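Peer 1: Mind looking at a prediction? Sequence and model below.
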Amino acid sequence: MSASIETNAIALAAKFGTYPSLIKQGLSDGLDESADFGVRTMKTAHNPFSKSGKTLRSIKSITTDEFSRSIGPMTDSLVPLFLEKGTKPHIIMGNPYLSFDGKKGKVILGWKLKNGTKPGIVYHPGTTPRPFVEPARNTLKVMFPRIMATYVKNAIK
């Protein structure tokens, strides 16, 4: 998710009788606060579902341009997408020595499994969606104009 503002700081400053640098600083500070708010909201929405904490730790904001910020899970992993959208039932075919942490301890797929499935194959039931990006986006839609208005007003004073 990204937030960008296109503006002519010189014209805006002239309209309000202030310096362009103050307008630019107000816009930049407002974007930073909006991004931080979005990250906090996203982490709060994701936290109850966090098992390893990897996705939670990947939620960040980055400055992509002078008046642009991007927020969200900054990772190459597909896990955040699977959490957000859920997955359909599927078969996982791993190598014979693939292992993962199950509810009752470590499961090694190369060994004979108790449920009678073939080694190296898991019939995954799928997962229900546990969105954390979309709720943060919806909250930020409401809060972004308010946050920006506060910072720009303070910049013009």
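Peer 2: Received, thanks. Numbers count the residues shown, from 1 in each chain.
Peer 1: Summarise which helices and strands the helix or strand encompassing Lys15 is packed against.
Peer 2: According to DSSP states H and E, Lys15 maps onto helix 9-16. Packing contacts for helix 9-16, counted by 3 or more Cβ pairs under 8 Å, 6 or more residues apart in numbering; DSSP states H and E, involve helix 20-46. Quick note: C-beta positions are derived from backbone N, CA and C, even for glycine.
Peer 1: Give the buried residues for the next helix or strand after the helix it packs on.
Peer 2: Using DSSP H and E, the helix or strand that follows helix 20-46 in sequence is helix 54-58. If you call a residue buried by 16 or more other Cβ atoms under 10 Å, then helix 54-58 has these buried ones: Thr55, Leu56, Ser58.
Peer 1: now stretch 80-88
Peer 2: Using 16+ other Cβ under 10 Å as the test for burial, stretch 80-88 gives Pro80, Leu83, Glu84.
Peer 1: Show me what stretch 136-154 is in contact with.
Peer 2: 1, 3, 5, 23, 26-27, 29-31, 33-34, 37-38, 41-42, 45, 71 (Cβ atoms under 8 Å, 6 or more residues apart in numbering).
Peer 1: Spatially central residue for the chain, please.
Peer 2: Against the mean C-alpha coordinate of the chain, by Cα atoms, centre = their mean, the closest residue is Gly72 at 2.4 Å.
Peer 1: relative to helix 20-46, how tilted is the helix holding Lys15?
Peer 2: Here the directions of helix 9-16 and helix 20-46 differ by 110 degrees (axes from the mean of the first three to the mean of the last three Cα atoms, to 10 degrees).
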